[in-house]
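Visitor: Structure of the sequence below:
(chains A, B and C)
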Amino acid sequence: MYVGLTGPKHSKIMIVGEAPGENEDREGLPFSNNGVSGKTLNWLLSQAGINRAECLIVNVARKRPQFNRMDQYFLDKECTMPKPELSGWIQELKEDIERNKPNVVIGLGSYALWALTGEKAISKFRGYTIPSNLVQGQKVICTYHPSNINREFKNFFPTLMDLKKAKFHSKHPQMPVDNRIIIPDASREQFINYCREILIDPGKKVIGLDVETVQPGSHISIIGLGHSRNYAMSTWIMRGMSPCYPENDEFELWYWIARVLEEKEIIIQNASYDAIVTMLNHGIHIKRIHMDTLIAAHIVWPELPRDLGFLASICLDVPPWKHFNTQHPSYYNACDVCNMYGIADVLSKKLNEVNQTDVYNWEMRQLPPAMMLQLQGTLIDEDERLRLLKEVEGIIESTEKGLEELFGKKINYRSSKQLQQLLYTDLNIPTQYKRRKKASDERKITTDKNALKYLERTVKDNPGFTLILEHKKNLTLLNFLNVDISPEGKVHTSYNITGKKIDSKDEDDEGRKSFGRWSSSESIILPFGSGNLQNIPEITRSMYIAPKGFRIITSDYIQAEAVVVAYLSNDRRMISVFKESFGKTTSERKKHKEWDVHILKAADLFSVDINDVTPKMRKVGKTIRHARNYDMGPGTLSDHLGCSLGEARSLLKRDDIANPLLKIWQASIIEELRQTRTLANLFGRQHRFLERWGDSLFKSAFSYKPQSTIGDLMNRSIVRMYEDNEIVDLIHLWLQLHDAVYVLVKDTDDTMYEAMHYLRKHMREVIMVNHEEMIVDSDFKYGYNWKDLREVDYVS
DNA sequence: GATTTTACGTA
DNA sequence: CGTACGTAAAATCT
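Guide: Purely as a prediction, here's the structure:
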């Protein structure tokens, strides 16, 4: 059935969808209240404060396409050449707009965007106010289609923001005024003059900075500066790999840039990168950072993308500019500066509004130690690396031979496809499926570690599984051993305070989460090593060594997350265990079974005296505690314990009866979420959970407070150590592993004990939980490489 | 050649 | 139906 325009004439808002669906087709109404998309649209509009009854509603295509697919209406695969039928409908749309003259047209989905503006990439252009190329002077705002929200719930929030922006724009027909003065491709003289102007004008107090770099070497090709959200200038330093100016001329340019960067307050997006580049390549130290917009955005919206394109779409009303990236890089850079400045204004207001300025300031203080650690790197024992590599390669070779003999053929055990063929087709072994996150997810065949372990203990007379498991393990070890080492014999990692996934293009099933822990990834500036230093397997840690004359000390928060859970759930028994054992040395702790939380848990579960708990029972206790704290299911628990599903079920049930407090606490978390979908950790760091209401959201939420509290606790102690002037010559930060810190000290026992005094001082922080003081204790180890570390007793 | 999927290491 | 994180290689798409 033909589905045309509905709604009151001359409405201020016209909504344009893509094509009618089943219900629309039957009823002849766009976005029918009975259809899925219609229902979602109604919900979105009500959240945004838009009254559907006051809107004109229409689709680009006026008849339901075959298989509900818009590409049916195009001649080409890329969907750029419409068939005559669709062209006719677009003409009708044009006439509908001209006849009604709405103040704003809201386009839903990429085909609406295309019909209204000629652009195709909805994720790039959503949220921007753009002029229509269909009807001259018509204002358009596009966003995701409701059916997309149903598939990818993470797009809900941006869509809501876009609709709110559209509501604002429905009050008047004018395009937003663009007052920006953007000066790209400035000459050297022009840029130097601008720097001098900034330096002498006390009104130009806060300066925006952005650099573009070329790899390898992270050389700066373009630099942009700006003194307001409406003024920025950029200039070329290098084109490709060749400098634009003779050395002296470039030096003069840098002299003036350096003065600006050293004398003014700077706004920057991701100081960790830009500031290291200016320091390393040009010796410029940015002294005062007014704001890092990446960090501010991380505090305000930890669940959202943090690239400038996305932030501008929800903070500002400027034209899209990211597509100039390749067309006109210098203009792109200057736009970045202006818009970053504008975003910074919005973010500082937001920080106040949501009461997160304090959390933001703590996070900013993490920048210097994080940058230092990236630059410093970690020394590698090349002999040890080669020894390990040779050893692993040797084992791999012989295992490969063994497997070939066993199965009569050679396959690539890195290939899941080939392994599936071998096991499930050739050998007829029962097919294993991946554990699903939701019952509605489709079952996927797998040959991963868990599946092989399950087969190893359930399938009789199949000696191969153990060997395959061993082989796969060794193959992954190669990734950690085959790494490039810097000329100084080091590897480097980038510690990311806000996590690495900052880009709106980085798709992720459940959207972004950032719980305030640092992540570690490849350093673009110093690309040596395996990148992430927080997932190095234990065996390969022996190649990471202290420099000559130094030793490594590590201090680890003891049972960190379990302590937090105990206090949060008001588990008096656990709290008193943690209090009694607090401040005791490692060897003392080992003597007292009543301080061992895993033994206690096992004694409970098996109804035995703590003195009768066997090591095996203790292991079960440990696993159950873990499982329960994070709401693990019986399937995964049986994998961990290597027991049957029934046994796992009954263990969980027994623990549930023995410790009912945990369930009560988890219920309180759900209640907290229900109010505002926002949780705060024990340092006040907030996180809003935008995923769909349900178990997977709850599980993530249960882990938030313990995990992020310990992350903050660790990072705050690192900040205190880095800022403590008394210990600059005593303690050198080395590694951060979420709940452990590694430092280097001079290789004497006296120095070690002195260092431990300060480590303890900075790591112990009183945290108030339900009007009670909580301190997480830490223990110590020392050694000369990352793997072989010895426990050391220290009493403060 | 670019993008998606699968798997895996740590806390 | 533990969570969080980043990376490598295979598989798949264009």
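
Visitor: contacts, neighbours, all on C-alpha from now
Guide: Fine.

Visitor: Quickly find the element holding residue A:234.
Guide: Using DSSP states H and E, residue A:234 maps to strand A:231-236.

Visitor: So for the next helix or strand after that strand, mean pLDDT?
Guide: Downstream of strand A:231-236, the first helix or strand assigned by DSSP H and E is strand A:238-239. Mean pLDDT, strand A:238-239: 94.

Visitor: what's the average pLDDT for the helix or strand just after strand A:238-239?
Guide: Downstream of strand A:238-239, the first helix or strand assigned by DSSP H and E is strand A:242-243. Taken as a whole, strand A:242-243 has an average pLDDT of 94.

Visitor: which helices and strands does the next helix-or-strand element following strand A:242-243 pack with?
Guide: Later in the chain than strand A:242-243, the nearest helix or strand by DSSP H and E is helix A:247-263. In terms of contacts (3 or more CA pairs under 8 Å, 6 or more residues apart in numbering; DSSP states H and E), helix A:247-263 is packed against helix A:188-200.

Visitor: so what strands line up beside the helix or strand that the helix it packs on is followed by?
Guide: Next in sequence after helix A:188-200, counting helices and strands by DSSP H and E, comes strand A:206-214. Here strand A:206-214 has these sheet partners by DSSP bridges: strand A:219-228 (antiparallel), strand A:265-268 (parallel).

Visitor: Show me what the mean pLDDT comes to for the longest one.
Guide: This means strand A:219-228. On average, strand A:219-228 scores 97.

Visitor: neighbouring contacts of that strand?
Guide: Applying CA atoms under 8 Å, 6 or more residues apart in numbering, the external contacts of strand A:219-228 come out as A:198, A:204-214, A:232-240, A:277, A:281, A:330, A:333-334, A:337-338, A:341-342.

Visitor: Also stretch A:771-780?
Guide: A:553-558, A:560, A:563, A:567, A:582-583, A:585-586, A:756, A:760, A:763-768, A:791-794.

Visitor: quick one on the thing from earlier: alpha carbons of the strand holding residue A:234, in CSV - could you do that?
Guide: The C-alpha trace of strand A:231-236 is given here as CSV (Å, rounded to 0.1, in the frame of the first residue of the first chain):
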residue,chain,number,x,y,z
TYR,A,231,39.4,31.6,16.2
ALA,A,232,42.2,29.2,15.2
MET,A,233,45.1,29.3,12.8
SER,A,234,47.2,26.4,11.5
THR,A,235,50.4,26.1,9.6
TRP,A,236,52.4,23.3,7.9
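
Visitor: For chain A, give me the ranges with low pLDDT.
Guide: Scanning chain A for pLDDT under 70 picks out A:501-512.

Visitor: Can you name the residues of chain A sitting close to DNA strand B?
Guide: A:416, A:434, A:444-450, A:472-473, A:476-477, A:534-538, A:737-740 (CA under 7 Å from any atom of the strand).

Visitor: Just the buried ones from the residues you listed, in ChimeraX syntax?
Guide: In ChimeraX, this line selects whichever of the residues of chain A next to DNA strand B come out buried by 16 or more other CA atoms under 10 Å:
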select /A:445,446,447,448,450,477,534,737,738,739,740
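
Visitor: Narrow the residues of chain A next to DNA strand B to those in strands?
Guide: Per DSSP state E, strands hold the following members of these: residue A:740.

Visitor: so which of the residues of chain A next to DNA strand B also contact DNA strand C?
Guide: Answer for these near DNA strand C (CA under 7 Å from any atom of the strand): A:416, A:535.

Visitor: Can I get the helix or strand hosting residue A:745 in PDB? Just the C-alpha atoms.
Guide: Using DSSP H and E, residue A:745 falls within strand A:740-746. Taking Å, rounded to 0.1, in the frame of the first residue of the first chain, the C-alpha atoms of strand A:740-746 are listed here in PDB:
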ATOM      1  CA  ALA A 740      49.900  -3.800  41.800                       C
ATOM      2  CA  VAL A 741      52.600  -1.300  41.300                       C
ATOM      3  CA  TYR A 742      56.200  -2.100  40.300                       C
ATOM      4  CA  VAL A 743      59.100   0.300  41.100                       C
ATOM      5  CA  LEU A 744      62.800   0.300  40.700                       C
ATOM      6  CA  VAL A 745      65.200   1.100  43.600                       C
ATOM      7  CA  LYS A 746      68.900   1.000  44.100                       C
END
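
Visitor: which strands and helices sit next to it?
Guide: Packing contacts for strand A:740-746, counted by 3+ CA pairs under 8 Å, 6+ apart, involve strand A:550-557, helix A:695-723, strand A:732-736, helix A:749-763.

Visitor: For DNA strand C, see how far away residue A:668 is.
Guide: 17 Å (CA to the nearest atom of the strand, to the nearest Å).

Visitor: any idea how far that residue is from DNA strand B?
Guide: Distance, residue A:668 to DNA strand B, by CA to the nearest atom of the strand: 23 Å.

Visitor: Could you do residue A:2 as well?
Guide: To DNA strand B, residue A:2 is 34 Å away according to CA to the nearest atom of the strand.

Visitor: And the strands in the stretch 51-200 of chain A?
Guide: A:55-59, A:104-108, A:129-131, A:139-143, A:181-183 (DSSP state E, counting those that start in this stretch).

Visitor: now do the stretch 501-650 of chain A
Guide: A:519-522, A:550-557.

Visitor: follow-up on the earlier one: mind checking the strands paired with strand A:206-214 for the one nearest to residue A:578?
Guide: Between residue A:578 and the strands paired with strand A:206-214, the tightest spacing by CA to CA is seen for strand A:265-268, at 43.2 Å.

Visitor: Residues touching that closest one, excluding its own?
Guide: A:205-210, A:274, A:286-293, A:340-341, A:344.

Visitor: Now a ChimeraX select for only the buried ones of these.
Guide: Buried members of the contacts of strand A:265-268 can be picked out in ChimeraX with the line below, counting by 16+ other CA under 10 Å:
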select /A:205,206,207,208,209,210,274,286,289,290,291,292,293,340,341,344
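
Visitor: need the contact list for the residue of chain A most remote from its centre.
Guide: Here chain A reaches farthest from its C-alpha mean at residue A:99, the gap being 46.5 Å by CA atoms, centre = their mean. Neighbour list for residue A:99: residue A:10 [criterion: CA under 8 Å, 6+ apart].

Visitor: Quick check, residue A:82 in contact with residue A:61.
Guide: No: judged on CA atoms under 8 Å, residue A:82 makes no contact with residue A:61 at a distance of 10.7 Å.

Visitor: which of those two has more neighbours?
Guide: Here residue A:82 and residue A:61 are compared on neighbour count by other CA atoms under 10 Å; more neighbours surround residue A:61, at 28 against 17.

Visitor: excluding its backbone neighbours, what's nearest that one?
Guide: residue A:19 (4.7 Å; CA to CA, 6 or more residues apart in numbering).

Visitor: which ones are touching the one you found?
Guide: Contacts for residue A:19 (CA under 8 Å, 6+ apart) come out as A:59, A:60, A:61, A:62, A:63, A:64, A:65, A:68, A:70.
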